[in-house]
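*Asks:* Starting from these lines, generate the structure:
(2 chains)
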Amino acid sequence: MSKGPMRDEIPPGTLYMLILKTLARGGEMHGFEVANSIQQISEDVLQVEEGSLYPALQRMLIKGWVKAEWGVTAGNRRARYYKLTKPGRKQLEIELSQFQRVNQAITRVIQTA
Amino acid sequence: MNWLGELWRRLRMLVRRSQFDAGLEEEMRLHIELRAQQQIEAGSAADEAGCAAQRRFGNTLRLKEVSRETYQWLSLEILLQDVRYGLRMMRRSPGFTAAAVLTLALGIGANTAVFSLVDAFLLRLLPVKDPQQLVCIRHGAPKVGNSSDFSYPAFEALRDRSHSFSGLFAYDISHVNVMADGESDYVDCDFVSGGYFDVLGVGAIIGRTFTADDDHPGKPAVAVISYAYWTRRFARNPGAIGKTVYLAGIPFNLIGVTPSNFFGRNVAGNSADITLPMFVHPRLALKDHDTFEIMARLRPGVAPDQAQADLDVIYQGFLLHEAGLQPSAKVQQELRAQKIVLRPGLRGIAADDDSFARELRILTWVVGIALLVACVNIANLLLARAYSRQKEIALRLAIGAGRMRLVRQLLTESTLLAMAGGAAGLLFAKSGMGLLVAVLSLGRDPIAFDLHPNASVLAFTAGVSLLAGILFGLVPAVSGTRIDLNARLKGCEVGASSGRPPVRLAKSLVISQVALSLVLLIGAGLLIRSIRLLYHVDTGYEREKVLMAWVLPVLAGYDHTKEVGLYRELLDRMNGIPGVQSASLARMRPVFGQWYRRVRVQEATPAGNQAPEVYYGPVGPRFFETMRIPLLLGREFSAADTEAAAKVAIISESAARILLPNQNPIGRNISFDGVEPSGQIEIVAVVKDIRHRPRERQPRPAVYVPYTQATADAFGQMNILVRTAQNPSSVIATVRRQVQSLDSKLPFSRAETPKQELDEYLGEERSLAALLALFGTLALVLASVGLYGMMSYTISRRTRELGIRIALGARKGDLLRMVLRETASMIVIGVAIGLPVSFVAAQFIASMLFGVGTSDPMAISIAVLIMFVTALTAAYIPARRATRVDPMVALRYE
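*Replies:* The predicted structure is shown next:
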């Protein structure tokens, strides 16, 4: 981890939100693409422990926030593609507003300090 | 909804677990490979890239575990594990399993059977449009009780003047003779006013139903038939629609068939085979049918109270108008006390206040108690078993199983047993239904009933099984896992109190069984006692050797002259049958026939006074000889008492006492208050009183007249009475042949003796008594088995103590007495608890009892005696075993 920019662990509890947002933006994606996308858009600041994506995706499948279908990648390999569902979209809104609320609160605390 | 979807997804994942595992693995591999490829493209060496990708990915194995946990479902897997284990336990002790499942099957089966009936008759809504808007209309004065009988003009007044209903209809239940394709058929029929089908909102499955437009004199006569009759008579041939059938010679066009689930005003049971518009009622109904019942559909938004107030005004106005111009103040007051009563009609008329509904409610309690006794039995068995499994349980606790986990395991086992019992119970219920329906049908028309279990019955059975499983499993599970680990693992038994099942608990379970069984036995005893007393009441007429049979010339279209001629001919023929001692006729049957008229002695009863009400009995010649009613004074009716002859009457002793106290009634003249002036009637004889029904405290005063001289409404139907030397059923065939040789179209029905009529009258009491006795015996047997098991167990546990007692010189008799005394004390406690409970429970059947109170000492002592004898017998076998204990063996036992 010496090379490249400094990477931060993503804050706890925000992984769902990041995945949901990424899927909302990107449509159908497989796990690798999700991980890549998060990393790239955050300009390599946010580092997902890539493996942890998968338990999270399983949980989201069970909750019904995402749907999964097997498809074929550009490199002609079998991959599971994830797609946001309607409840998932709703969940994203909930998570976003919650995150913003917390964020604002923290910011206020820091600024008044 | 959300959790439901989640549940579904979880289940799907669980089922396709290996597929999901493989998928996950493939996904992860792809990820790592893609990452490695990316690194290579960025210029890394291949092997280094692989390692880096793996590092960035994290611990694959752990991640897989974590992923799996998300869809693994721990509780369900544990449940499946428990179920598997439970099934293994059941297989390992097939005897125990069979006994438990059989016991439960009886208990649950009985409950399922009764619930099927409750569901069919009491819970279901009428299969019509918006049944909750339907009401049954009755009338009555406060404290007098109410009646559903209205005159037709009263119905018309209510229908035409009320504003609270979207529709009202009147109906009358009767019989007709249907002549179709040259064959005649005596069937149940409904006469209904034209709005019937529209108000109910019931259509035809083929053809059409009739409407108010069809119900006008002069319109072509139409008829709608039931699905059952269409099936029975026309083999569901659609060609039946449009057919012309003849009822008493009047042609009717069959225009439609009602749906198979439509039973008229009831949710199930017997219904009319044919439904006819009301305008044909005057020509086809039995002549004494002059009242009608009314149902109505409330206008949406109208409360029943409003509707009732609306009808009250109309009904009282109608009654005042009927009473004539100047009713006395007293009459006015009486009429104003008449109130309309509305009853909910959504479940049909039977659910409301039918004796059948009451019987079903009592029966629900009875089978519930029986199931409870069965559950207690199994609880006791499980309790004993939990303690014989203590080593296993202790071991599992010792290696770290939680106690809750073990309780759960044991509960799963008991629930499995209960489910097996429930499944077997369904089979029992299916075959037991027939018996149950047959017993409940005592004294009624056979109850038509669809025996196929439906969803709600299945749900009920599953629910009851589950409840039973928890009920009998919980106590043994909790108490069986309360273990002193150290003592137990050391194999210590004697002296370690924790190793023994709490005998107190087992005992109290047996005591509760004794108490519950006793309640059922006492109930059965009370009913059996009162039925015996009811049959022993001297009713004053012959019950065994008289055959009665209805003939209904009105349904074959006879006019008055032809009808009288028929009866004269019938009498001649009946008297000629070999083995017949005498034959006669009676308009009324002794038990169910009730007809009252007001009668006055012309010179003796002042005109203003209310004339006394007497039983009115049109009968044939030799009636009193045939029924064995002794003649006290004067002469029998004879063939000479024709329509044209001088009018005569025979009165009963009590009628004589009321009408002409301390006078010779012979030769005096009486007359009836009635719709037609009956003229002067001369009393020609006095007969002994009879009680029509054994429950009558006082014999009703009666006035008999020759049938030829009876009022016109007494005609149309008649009972043939035949007195035989031998069993009267031997002449039924001959009587029927004779009637049919006179006229093959003449309806002939219900040939039976007055004894059989009384059986019918006491049907409710008899069926309840039979069922209480049946389930009481079942409970008694279960309780005895429970007692036997418990005593065997405690005695086998006390081998050492008994051995010491014998070694110290106790005699066998002493030991036997000791064990039996212990049993007896349990029964005494059970009886002490059961008695007060039975006093309370007996209130439910109090109205059915006759000659015995709810605390009848005879019934109670017999029940207690049976309890003691059976229970002591059950305890005797293990007690004898106790006396055979060899002291040496017992002392070396440990």
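
*Asks:* where does chain B come near chain A, residue by residue?
*Replies:* B:2, B:5-6, B:9-10, B:13, B:23-24, B:26-28, B:30-31, B:34-35, B:56-60, B:63, B:66-67, B:69-71 (Cβ under 8 Å from any Cβ of the partner chain). Using the backbone N, CA and C atoms, a C-beta is placed for each residue, glycine as well.

*Asks:* Out of the residues you listed, which end up buried?
*Replies:* B:10, B:13, B:24, B:27-28, B:30-31, B:34-35, B:56-58, B:60, B:63, B:66-67, B:70-71 (16 or more other Cβ atoms under 10 Å in any protein chain shown).

*Asks:* for chain A, which spans come out with low pLDDT?
*Replies:* Low-confidence segments of chain A (pLDDT under 70): A:1-12, A:47-48, A:113.

*Asks:* Those residues of it touching chain B, which are they?
*Replies:* Proximity of chain A to chain B is confined to A:30-32, A:35, A:49-52, A:54-55, A:58-59, A:61-64, A:70, A:73, A:75, A:77-80, A:87 under the rule Cβ under 8 Å from any Cβ.

*Asks:* Quick check: helices, which of those residues are part of them?
*Replies:* Using DSSP state H, A:31-32, A:35, A:54-55, A:58-59, A:61-63, A:87 are the members of those that sit in helices.

*Asks:* Could you identify the most distant pair in these?
*Replies:* Using Cβ to Cβ, those span at most 24.6 Å, a distance reached by A:32 and A:87.

*Asks:* And these two? Which one has more around it.
*Replies:* For residue A:32 versus residue A:87, the count of surrounding residues by other Cβ atoms under 10 Å in any protein chain shown is larger for residue A:32: 21 against 14.

*Asks:* The more buried one is in contact with residue B:31, isn't it?
*Replies:* Yes. When contacts are counted by Cβ atoms under 8 Å, residue A:32 is listed as touching residue B:31 (4.6 Å).

*Asks:* if we can go back for a sec, helices - which of the buried ones among the residues of chain B next to chain A land there?
*Replies:* Among those, DSSP H puts B:10, B:13, B:24, B:27-28, B:30-31, B:34-35, B:56-57, B:60, B:63, B:66-67, B:70-71 in helices.

*Asks:* Specify the local secondary structure of residue B:704.
*Replies:* Of the three states, residue B:704 takes strand according to DSSP: H, G, I helix; E, B strand; the rest coil.

*Asks:* That one bridge partners, please.
*Replies:* residue B:617, residue B:650 (DSSP bridges).

*Asks:* For chain A, what's its nearest residue on the stretch 251-400 of chain B.
*Replies:* Closest residue of the stretch 251-400 of chain B to chain A, Cβ to the nearest Cβ: residue B:400 (27.7 Å).

*Asks:* cool, and the stretch 751-894 of chain B?
*Replies:* For the stretch 751-894 of chain B, Cβ to the nearest Cβ, closest residue to chain A: residue B:782, 47.5 Å.

*Asks:* Tell me which residues touch that residue, please.
*Replies:* By Cβ atoms under 8 Å, 6 or more residues apart in numbering or on different chains, the contact list for residue B:782 reads B:103, B:370, B:373-374, B:377, B:513, B:517.

*Asks:* now do 6 Å
*Replies:* Counting by Cβ atoms under 6 Å, 6 or more residues apart in numbering or on different chains, residue B:782 touches B:373-374, B:377.

*Asks:* Just the residues you listed: which are in helices?
*Replies:* Within these, residues falling in helices by DSSP H are B:373-374, B:377.

*Asks:* Pick out whichever of these sits closest to residue B:252.
*Replies:* Of those, the one sitting nearest to residue B:252 (Cβ to Cβ) turns out to be residue B:374, at 54.5 Å.

*Asks:* Wait, the closest one touches residue B:101, no?
*Replies:* No. Residue B:374 lies out of contact with residue B:101 (Cβ atoms under 6 Å); the separation is 11.0 Å.

*Asks:* Return the per-residue confidence for residue B:488.
*Replies:* pLDDT recorded at residue B:488 is 61.

*Asks:* Could you do residue B:893 as well?
*Replies:* With respect to pLDDT, residue B:893 has a value of 56.

*Asks:* Check residue B:87 too.
*Replies:* 84.

*Asks:* how about the nearest residue to it, chain neighbours excluded?
*Replies:* Among residues not flanking residue B:87 along the chain, residue B:416 sits closest, at 6.7 Å (Cβ to Cβ, 6 or more residues apart in numbering or on different chains).

*Asks:* From residue B:86, how far off is the one you found?
*Replies:* 4 Å (Cβ to Cβ, to the nearest Å).

*Asks:* next one: residue B:587
*Replies:* 68 Å.

*Asks:* neighbour count winner among these two?
*Replies:* Using other Cβ under 10 Å as the criterion, residue B:587 and residue B:86 rank with residue B:587 on top: 22 against 19.

*Asks:* show me what contacts the residue lying closest to the more buried one once chain neighbours are set aside?
*Replies:* In space, and not counting its chain neighbours, residue B:587 is closest to residue B:618: 4.1 Å by Cβ to Cβ, 6+ apart. The contact partners of residue B:618, by Cβ under 6 Å, 6+ apart, come to B:587, B:705, B:707, B:710, B:714.

*Asks:* and the two most separated of those residues?
*Replies:* Farthest pair in the contacts of residue B:618 (Cβ to Cβ) is B:587 and B:705. Separation: 9.5 Å.

*Asks:* Using CSV, list the CA coordinates for the strand or helix carrying residue B:139.
*Replies:* Residue B:139 belongs to strand B:134-141 when assigned by DSSP states H and E. Output of strand B:134-141 as CSV, limited to C-alpha atoms (Å, rounded to 0.1, in the frame of the first residue of the first chain):
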residue,chain,number,x,y,z
LEU,B,134,-80.4,-9.5,6.1
VAL,B,135,-82.7,-9.6,9.1
CYS,B,136,-85.3,-12.1,10.3
ILE,B,137,-88.5,-10.3,11.4
ARG,B,138,-90.4,-11.6,14.5
HIS,B,139,-93.0,-10.1,16.7
GLY,B,140,-93.9,-10.5,20.3
ALA,B,141,-94.8,-8.8,23.6
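
*Asks:* And that strand, what's buried?
*Replies:* B:134-139.

*Asks:* most centrally placed residue in chain A?
*Replies:* By Cα atoms, centre = their mean, chain A has its centre lying nearest to residue A:19, at 2.1 Å.

*Asks:* Repeat that for chain B.
*Replies:* Most central in chain B (Cα atoms, centre = their mean) works out to residue B:360, at 3.6 Å.

*Asks:* Now for that one: which residues touch it?
*Replies:* B:117-118 are the contacts of residue B:360 under Cβ under 6 Å, 6+ apart.

*Asks:* Report the secondary structure state of it.
*Replies:* Per three-state DSSP, residue B:360 ends up helix.

*Asks:* mind checking how far it is from residue B:265?
*Replies:* Following Cβ to Cβ, the distance that separates residue B:360 from residue B:265 is 18 Å.

*Asks:* How about residue B:284?
*Replies:* With Cβ to Cβ as the criterion, residue B:284 and residue B:265 are 20 Å apart.

*Asks:* And residue B:233, by the same measure?
*Replies:* 22 Å.

*Asks:* Count the neighbours of residue B:197 for me.
*Replies:* So residue B:197, with other Cβ under 10 Å, has 24 neighbours.

*Asks:* contacting residues around it?
*Replies:* residue B:209.

*Asks:* what's the helix or strand for it?
*Replies:* Taking DSSP H and E as the definition, residue B:197 sits inside helix B:196-200.

*Asks:* Skip the chain neighbours and tell me the closest residue to residue B:632.
*Replies:* Nearest non-adjacent residue to residue B:632, counting by Cβ to Cβ, 6+ apart: residue B:686, 4.6 Å away.

*Asks:* Also compute the angle for the helix or strand where that neighbour lies relative to strand B:702-706, please.
*Replies:* Assigned by DSSP H and E, residue B:686 belongs to strand B:681-687. Per axes from the mean of the first three to the mean of the last three Cα atoms, to 10 degrees, the angle that strand B:681-687 makes with strand B:702-706 is 120 degrees.
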